[in-house]
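K.L.:
Return a 3D structure for these sequence lines:
(2 chains)
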Amino acid sequence: AQRVTQPEKLLSVFKGAPVELKCNYSYSGSPELFWYVQYSRQRLQLLLRHISRESIKGFTADLNKGETSFHLKKPFAQEEDSAMYYCALSRGFGNEKLTFGTGTRLTIIP
Amino acid sequence: GAGVSQSPSNKVTEKGKDVELRCDPISGHTALYWYRQSLGQGLEFLIYFQGNSAPDKSGLPSDRFSAERTGGSVSTLTIQRTQQEDSAVYLCASSLAAAYNSPLHFGNGTRLTVT
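P.N.:
Here you go, the predicted model:
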């Protein structure tokens, strides 16, 4: 069965410093990976997905199949980045459900 | 337009009672998901609907849990004979198509407390 691991429950970073939220997965096939974010008093929402190769709000994530990782990065943290971040995996075509990690709460220190 | 709507937003019930949680997905979304978020845990998949059928019920924790979806729209998650370990936030999400290809849109959740 697939599994998503986010080793950091809490992460504090100073404003302007680089951010890296770690995500590792276990799945033998070719997964689709996602990052979802929940800002304070807002709904959980999609931040970015591997298949789109996009950068959203300055965040990027590269799928490293050798290390089975999909770490989320941003070069310069902003206060509005404070939120709960969840990494998620889908087994890809033919599979409908997302498997989520336990999440990392990111706090940006002004 | 309106997002995914869940009701009630909060529910406190006594152990042993039955509860029903409701989800109104975004109009036109064919896929509907139920997840559970317990304290300190990630999002635990419960069940997935495509239209009115549930191809994947693998996440339902026990036979006390059931869900249905009618008219390809509203879904109800029912928990019978609630136990304290059922206390959690129950999240509903909908998407245009399967999750790997279409983002999930989440509701605000129902916070269930079993006393």
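
K.L.:
what's across from B:Leu112 in the sheet?
P.N.:
Counting by DSSP bridges, B:Leu112 forms beta bridges with B:Lys11, B:Ala88.

K.L.:
I figured it was touching B:Asp86, is that so?
P.N.:
Yes - the pair B:Leu112 / B:Asp86 is scored as a contact, 6.4 Å apart, by C-beta atoms under 8 Å. Glycine gets a C-beta too; all of them are placed from N, C-alpha and C.

K.L.:
Can you work out which residues contact both of those two?
P.N.:
Common neighbours of B:Leu112 and B:Asp86 (criterion: C-beta atoms under 8 Å, 6 or more residues apart in numbering or on different chains): B:Ile79.

K.L.:
Show me where the chain has its strands.
P.N.:
You didn't say which chain, so I picked chain A. A:3-5, A:10-14, A:19-21, A:24-26, A:32-38, A:45-49, A:60-61, A:72-74, A:83-90, A:99-100, A:104-109 (DSSP state E).

K.L.:
Correction: the question concerned chain B.
P.N.:
Using DSSP E, strands in chain B cover B:5-7, B:10-13, B:19-24, B:31-37, B:43-50, B:53-56, B:65-69, B:75-79, B:88-95, B:105-106, B:110-114.

K.L.:
how many other residues sit next to A:Pro31?
P.N.:
Residues contacting A:Pro31 under the criterion other C-beta atoms under 10 Å in any protein chain shown number 24.

K.L.:
Equivalent analysis for A:Ala83, please.
P.N.:
A:Ala83 has 20 nearby residues by other C-beta under 10 Å.

K.L.:
quick one: it and chain B, what's the gap?
P.N.:
14 Å (C-beta to the nearest C-beta, to the nearest Å).

K.L.:
Report the contact partners of that residue.
P.N.:
Contacts of A:Ala83 by C-beta under 8 Å, 6+ apart are A:37-40, A:105-106.

K.L.:
Could you do B:Ala97 as well?
P.N.:
B:30-31.

K.L.:
Return the list of helices and strands in contact with the helix or strand bottoming out on mean pLDDT in chain B.
P.N.:
Least confident element among the helices and strands of chain B, by mean pLDDT, DSSP states H and E: strand B:53-56 (a mean of 84). Strand B:53-56 sits against strand B:43-50, with contacts defined as 3 or more C-beta pairs under 8 Å, 6 or more residues apart in numbering or on different chains; DSSP states H and E.

K.L.:
And stretch B:57-66, how far out from the chain middle?
P.N.:
11 Å (C-alpha atoms, centre = their mean, to the nearest Å).

K.L.:
Just the terminal-to-terminal distance for that stretch.
P.N.:
With C-alpha to C-alpha, to the nearest Å as the measure, stretch B:57-66 spans 9 Å from end to end.

K.L.:
Could you list the buried residues of it?
P.N.:
B:59-60, B:65 (16 or more other C-beta atoms under 10 Å in any protein chain shown).
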